[in-house]
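Novice: okay, structure incoming, though there's no sequence with it:
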């Protein structure tokens, strides 16, 4: 019997790989400042018929971070370049509301959607990194709740600007000299607590109507924000039961906002380590762990959890330390699970080093596909954001071995059926608020 759903798949692209020591693996890319590796990843995405290529961001240099997070291309610039080199894969770029202006962001993503012919997605983030605050004239980051309150108004403004132009507003009437119909262009005239924006946007409506909105926060504020705006949630769950609970909760919250739950895709991060057989995959995992430097991982954990971990015993229990709301979601999930399961710092280091706190599977193509199919079938997710340990080989192994296995099982496409990111994700085009509705 044909499955009633198709899995969504994308990749989180980090030039140095997603494993802390991925860049040290033989044959792995070693730079996140090389366009060629991102072009290679994009080509592999299209060969495997993936939905999107996702690029994260940081607004500061933090030396104790994962190498791929220390040095980064600005995501929209990178995706504008990739748009000229690709034709189908969606292009999801991270952009912070905390240190941006709504008009600029609306314009940049509208431009990307036009340049890519409808493949743009915006990963909406708020920024609580102290180092970032110092780069934008602030001594301290904005309060967590205030950041989300500001972000809510920010997104409302951006969406309003994207609706500035109705369909058919451009007339280009050579005979009369009329270039556009003034009755179909609308100012926003927004005055709010955080922003005052007149509009209209100086770009017409984009191929998708609006770029796809993505969100990755799992705090209470983040969940509320996602349930209102997100069309895709990049989540972080380490076990299936918690994933099923998160899935059901978020779908219900989306419905509470009067939205169709099917129009919000929930995709947890997933690190596949694929081998010719299980033994081969385990050897790769062992080599990755051998290459990880404990001192580096401890510094990374200190940075990620907001506490200096260097004075604790690696083989002692994880200390019960309070984590601030500014800590990344997947780090909180990993830390909470470590406390619950009485793990050691070495255990949590291994979790963080292996998959940055995301789910991972190690085995041959069928074994990896089994894990994915089980989560998908049991409504723990709508698909996955792949976080390969290194590029390009580990990603290509997934594309060339696991994707055909998923296709054989009938849960992933063999060919693209559309051209836009909305087409790939099965999302409708948002109605323009100014369009005349026919009864």
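Specialist: Arrived safely, thanks for sending. Here the structure is a predicted model, which is why all the values come from computation and not from measurement. Residues are numbered from 1 along each chain as shown.
Novice: give me the buried positions along the longest helix belonging to the chain.
Specialist: Counting residues, the longest helix found in the chain (DSSP state H) is helix 144-162. Across helix 144-162, burial judged by 16 or more other Cβ atoms under 10 Å covers 144, 147-162. Every residue, glycine included, has its C-beta placed from N, CA and C.
Novice: in the helix or strand containing residue 374, what counts as buried?
Specialist: If you go by DSSP states H and E, residue 374 is part of helix 365-377. Of the residues in helix 365-377, 365, 367-369, 371-373, 375-376 count as buried by neighbour count, 16+ other Cβ under 10 Å.
Novice: so which elements touch that helix?
Specialist: helix 240-256, strand 265-274, strand 359-363, strand 383-386, helix 403-408 (3 or more Cβ pairs under 8 Å, 6 or more residues apart in numbering; DSSP states H and E).
Novice: one more time with 10 Å, if that's ok
Specialist: The contact analysis (3 or more Cβ pairs under 10 Å, 6 or more residues apart in numbering; DSSP states H and E) places helix 365-377 against helix 240-256, strand 265-274, helix 278-291, strand 359-363, strand 383-386, helix 403-408.
Novice: figure out which of those is closest to residue 308.
Specialist: Set against residue 308 and scored by Cβ to Cβ, the helices and strands packed on helix 365-377 come closest in helix 278-291, at 23.6 Å.
Novice: buried ones in stretch 42-56?
Specialist: For stretch 42-56, the neighbour count (16+ other Cβ under 10 Å) marks 42-46, 48-56 as buried.
Novice: which of those residues fall within strands?
Specialist: Within the buried residues of stretch 42-56, residues falling in strands by DSSP state E are 52-55.
Novice: who's in contact with residue 147?
Specialist: 96-98, 125-128, 141, 154, 217, 221, 225, 325-326 (Cβ atoms under 10 Å, 6 or more residues apart in numbering).
Novice: closest one to residue 242 out of those residues, please.
Specialist: Out of the contacts of residue 147, the member with the shortest distance to residue 242 (by Cβ to Cβ) is residue 217, at 16.3 Å.
Novice: run a quick neighbour tally on that closest one.
Specialist: Residues lying near residue 217 (other Cβ atoms under 10 Å) number 26.
Novice: and it, helix, strand or coil?
Specialist: coil (DSSP: H, G, I helix; E, B strand; the rest coil).
Novice: in this structure it contacts residue 229, no?
Specialist: No. In this structure, residue 217 is not within contact of residue 229 by Cβ atoms under 10 Å, at 11.2 Å.
Novice: name the residues contacting each of the two.
Specialist: With Cβ under 10 Å, 6+ apart as the test, residue 217 and residue 229 both reach 124, 151.
Novice: can I get the buried residues of stretch 42-56 in CSV with distance to residue 336 and pLDDT?
Specialist: Converted to CSV, the buried residues of stretch 42-56 look like this (distance: Cβ to Cβ, whole Å; pLDDT from 0 to 100):
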residue, distance to residue 336, pLDDT
42, 35, 99
43, 38, 99
44, 34, 99
45, 32, 99
46, 37, 99
48, 33, 99
49, 35, 99
50, 30, 99
51, 29, 99
52, 29, 99
53, 30, 99
54, 24, 99
55, 27, 98
56, 22, 96
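Novice: and stretch 69-88, how far apart are its ends?
Specialist: Counting by Cα to Cα, to the nearest Å, you get 27 Å between the two ends of stretch 69-88.
Novice: same check, this time on stretch 224-233
Specialist: With Cα to Cα, one end of stretch 224-233 sits 12 Å from the other.
Novice: residue 95 is in contact with residue 108, correct?
Specialist: Yes. Applying Cβ under 10 Å, one finds residue 108 in contact with residue 95, separated by 7.5 Å.
Novice: name the residues contacting each of the two.
Specialist: Between them, residue 108 and residue 95 have 76, 122 as joint contacts when contacts are counted by Cβ under 10 Å, 6+ apart.
Novice: got the confidence number for residue 295?
Specialist: With respect to pLDDT, residue 295 scores 71.
Novice: typo on my end, residue 326
Specialist: Residue 326 carries a pLDDT value of 55.
Novice: repeat that for residue 5.
Specialist: So, for residue 5, pLDDT stands at 93.
Novice: count of neighbours near it?
Specialist: 13.
Novice: just confirm residue 275 contacts residue 368, I think it does.
Specialist: Yes. Using Cβ under 10 Å, residue 275 makes contact with residue 368 at a distance of 9.4 Å.
Novice: now the common contact residues for these two.
Specialist: Contacts common to residue 275 and residue 368, judged by Cβ under 10 Å, 6+ apart, are 281, 362, 397, 401.
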